[in-house]
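Peer 1: I would like the atomic coordinates for the input below:
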Amino acid sequence: EGEVEITDVGVTVIAQRCPNLRRFHAGFGFSGIQNCGKVLARKCPLLEYVNLAQTNINTGSLTALAKRCKNLRVLILGGVLGGVCEESLKAIGAHCKKLTTLYLDGCESVRDAGVVAVAKGCAALTHLELGSCKEVTPAAVAALAEHRGKTLVHLGLDGCALVTDAAKIDLVKRCLALRGHLEERNALAMRYYAGTHGEEQDRAKAALHSRMTNDAAAAFLIEEALAIKRAQLGDRHPDTLFTQGNLGALLERMGQHDRALALLQATLEAQRQLLGSAQEVSSAGAGFCAACQEGVHIRIATRRAAT
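Peer 2: Numbering: from 1, shown residues only. The predicted structure is shown next:
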């Protein structure tokens, strides 16, 4: 909990006495950790989870860790500066075939070549965080789409100023699993700012728009996700209806009232039928049905009053 400063000496003792160690968490500010990756690699080859965020771990240590600890599934390196570079990322791509989660947020030495190596080599990768990696460009994003398009569920690009909106749109077009994740994340943000007011609403909208550019881009992603869910799950699956309702709510805020009302009313009717015929419908589905019904009635009443 940060009460004791951990250094390479302490990590060496732990590694020597715990050869079957599976999880090692020493992240968030232990500046005395620099070279311990080598001893961890030699003494604890069964490691599956390693968190070295905001330490001073160096390139040689990370490279050794990647080469020897081939069972690694989660590697968290956020805020590590010089140690996360092309050499260490190439080692991760070459040897960490079971890696599913890699956090590199704030690692200033990350460049396209390292990201491409990870994209090509880490076949099991589902979560990659590149937030504030300021040198990452659309070329790295394109490589991720090409090589990890079928597995990638989360890709964090906040603060990657060189990655264009066009590159992000192309990414979600090519990454089936990622589309659903972005739609869900976007829907949560929209639901948040829909219930806020004034200055708080402006801040929430700005946070959403910084990710998705604008409501039109958000609508594009949600429509893409809705088409996928309709094809894979069917028109009346609860997940499909949830996404359909979110699209209706966004279209209403965009001024597309007729489309919005049609979607919301269809969602409400389908939810009613589900609730009336299936006992297994979740309480979350019931809550959404009620909220959707209220929204439809409010919108119909508003339109009637305006005319």
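Peer 1: now stretch 251-261: mean pLDDT?
Peer 2: Across stretch 251-261, the average pLDDT comes to 77.
Peer 1: got the end-to-end distance for it?
Peer 2: Stretch 251-261 has an end-to-end distance of 9 Å (Cα to Cα, to the nearest Å).
Peer 1: and the pLDDT for the residue nearest to C85 when sequence neighbours are not counted?
Peer 2: Distance criterion Cβ to Cβ, 6 or more residues apart in numbering; nearest residue to C85, sequence neighbours excluded, is S109 at 4.4 Å. (Glycine included, C-beta is placed from N, CA and C.) If you check S109, the pLDDT there is 93.
Peer 1: checking S109 next. Helix, strand or coil?
Peer 2: What DSSP: H, G, I helix; E, B strand; the rest coil gives for S109 is coil.
Peer 1: my guess is it contacts V84. True?
Peer 2: Yes: using Cβ atoms under 8 Å, S109 is in contact with V84, at 5.7 Å.
Peer 1: of the two, who's got more company?
Peer 2: More crowded of S109 and V84, by other Cβ atoms under 10 Å: V84, with 27 against 19.
Peer 1: did I read that right, the more buried one in a helix?
Peer 2: No: assessed with three-state DSSP, V84 is coil; it does not lie in a helix.
Peer 1: quick revisit: what sits against the residue nearest to C85?
Peer 2: Contact analysis of S109 by Cβ atoms under 8 Å, 6 or more residues apart in numbering lists 81-85.
Peer 1: apply 7 Å and report the result again.
Peer 2: By Cβ atoms under 7 Å, 6 or more residues apart in numbering, S109 lies in contact with 81-82, 84-85.
Peer 1: tell me where this protein has helices.
Peer 2: Ranges of helices in the chain, per DSSP state H, are 8-17, 36-43, 59-68, 86-95, 112-121, 138-148, 165-174, 176-194, 198-212, 215-233, 238-253, 257-277, 283-306.
Peer 1: mean pLDDT for those: which is lowest?
Peer 2: helix 198-212 (a mean of 48).
Peer 1: surely F30 and I6 touch.
Peer 2: Yes: here F30 reaches I6: they are 4.7 Å apart, a contact under Cβ atoms under 7 Å.
Peer 1: these two - which one has more neighbours?
Peer 2: Set side by side, F30 and I6 show more neighbours around F30, with 23 against 17, by other Cβ under 10 Å.
Peer 1: measure the closest residue to K90 other than its chain neighbours to E223 for me?
Peer 2: Distances taken as Cβ to Cβ, 6+ apart place A117 nearest to K90, at 4.3 Å, with adjacent residues excluded. From A117 across to E223, the span is 34 Å (Cβ to Cβ, to the nearest Å).
Peer 1: Q232 too?
Peer 2: Distance, Q232 to E223, by Cβ to Cβ: 15 Å.
Peer 1: run a quick neighbour tally on the residue nearest to K90.
Peer 2: 20.
Peer 1: next one: the one 4 residues further on
Peer 2: The number of residues packed around G121, counting by other Cβ under 10 Å, is 19.
Peer 1: which residues touch it?
Peer 2: The contact partners of G121, taken as Cβ under 7 Å, 6+ apart, are 93-94.
Peer 1: might you report the residue contacts of the residue lying closest to T240 once chain neighbours are set aside?
Peer 2: With sequence-adjacent residues excluded and distances taken as Cβ to Cβ, 6+ apart, T240 is closest to K229, at 4.3 Å. When contacts are counted by Cβ under 7 Å, 6+ apart, K229 touches 237, 239-240, 243.
Peer 1: and with 6 Å instead?
Peer 2: 239-240, 243 (Cβ atoms under 6 Å, 6 or more residues apart in numbering).
Peer 1: now swap in L152 and tell me
Peer 2: If a contact means Cβ under 6 Å, 6+ apart, then L152 has 175, 178 as its contacts.
Peer 1: what pLDDT does it get?
Peer 2: 86.
Peer 1: if we can go back for a sec, from R236, how far out is the residue nearest to T240?
Peer 2: 11 Å.
Peer 1: okay, now G93: neighbour count?
Peer 2: 24.
Peer 1: what's the distance between the closest residue to V110 other than its chain neighbours and V118?
Peer 2: The shortest distance from V110 to any non-neighbouring residue, by Cβ to Cβ, 6+ apart, is to C133 (4.3 Å). For C133, the distance to V118 equals 12 Å [Cβ to Cβ].
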